[in-house]
Structures are given as structure tokens and as C-alpha cells.
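Chemist: Quick one: sequence and predicted model below, then my questions.
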Amino acid sequence: MRFDPVKPSPEPCNDADCLALEALLTERLLEFNARATGYTDARPLGLRTRGESGELLAGCCGYTWGGCCVITYVWVGEGHRGCGHGAALLRAAECEAARRGCGQVVVATHDFQAPGFYERMGYERKAIIHGMPKGHADIIYAKPLAA
């Protein structure tokens, strides 16, 4: 006869616990992904632009892994948009990704954020997920990097 232990029920996390959980899950998934693919080169990628007094004007973050760079967040402060900060960040991220041996950069943006910006920067639309969030769409872009 097989013994089935009582399965624990999932419990919600508070905001602080969610951040810690995300960090732990990221670590565990990176370990699994490395075992599954043989790629052990996962590294975070972050760039920022600061003003004269040290305030954050713009930033981007993501990661590189297995010959690909994924940009997860790009943000430019409202008063600094249209001044070239986003383009400078993206170009710097692309250069660092190429230095790390990546062949492409992938980024997602919402239809109300910056699809035109990524298209002007040479990114090609690869997929659209409608209803994310409701009434809008998430758009996935990719750009090959020169060897």
C-alpha cells in the first residue's frame, strides 16, 4: 500500500516575501536551466544614468544567458524622455551583451509604452500577446547583434 502524505496548500506572500521568493526562485531556475542546457553563464545586466546630484534619470536591467540578452525593464524619468537616455542605455546594453557573446537581444514592451522606440532602434516585432493587460497588448521584440 502506498502512503500519500497530506499535500501542503499554497499560501500567498506579502510584498517583502514576494521579492525574497522571486530571488530564490530565480536562483533555483538558473541552477535547473544550467543543468538542462549546459549554459552556466547567466549574469545580471544593469545600466543607469544619473543626474549631477546622483538622482536616477534612467535605467535598464535584465540578464544574459546562453548567447541571448533579455532586457526586462527600461525606464526613463518623465522629465528626461526624448533626450536620448533610452537610446544610450539600449546601445550600451547591446554592446555589453555582444561583449558577453550574445547573438541577440530580446525585450518586451506594452502597446502603451515604447513599441515605436524599439522599432526605431532596429528591433523586430516577434509576437503580440493581446489582453496583457486587459485592453492592451504585450509586444515581444528581438534584435540580432553583429558578430
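Modeler: Nice, thanks for sending it over.

Chemist: just checking, next helix/strand downstream of the longest helix seen in the chain?
Modeler: Scanning the chain for the helix with the most residues, using DSSP state H, yields helix 15-37. Next in sequence after helix 15-37, counting helices and strands by DSSP states H and E, comes strand 43-50.

Chemist: Partner strands of that following strand and their direction?
Modeler: Strand pairing for strand 43-50, determined by DSSP bridges: strand 56-65 (antiparallel).

Chemist: most centrally placed residue in the protein?
Modeler: With distances taken as CA atoms, centre = their mean, the residue of the chain nearest its centroid is residue 72 (1.5 Å).

Chemist: Check the gap between the nearest residue to that residue once chain neighbours are set aside and residue 45 for me.
Modeler: Nearest non-adjacent residue to residue 72, counting by CB to CB, 6 or more residues apart in numbering: residue 62, 4.5 Å away. Any C-beta I mention is one placed from the backbone N, CA and C, and that applies to glycine too. Residue 62 is 5 Å from residue 45, where distance means CB to CB, to the nearest Å.

Chemist: Also residue 23?
Modeler: 16 Å.

Chemist: More neighbours: which of these two?
Modeler: For residue 23 versus residue 45, neighbours defined as other CB atoms under 10 Å are more numerous around residue 45 (21 against 10).

Chemist: Verify the contact between the more buried one and residue 68 for me.
Modeler: No - using CB atoms under 8 Å, residue 45 is not in contact with residue 68; the gap is 11.2 Å.
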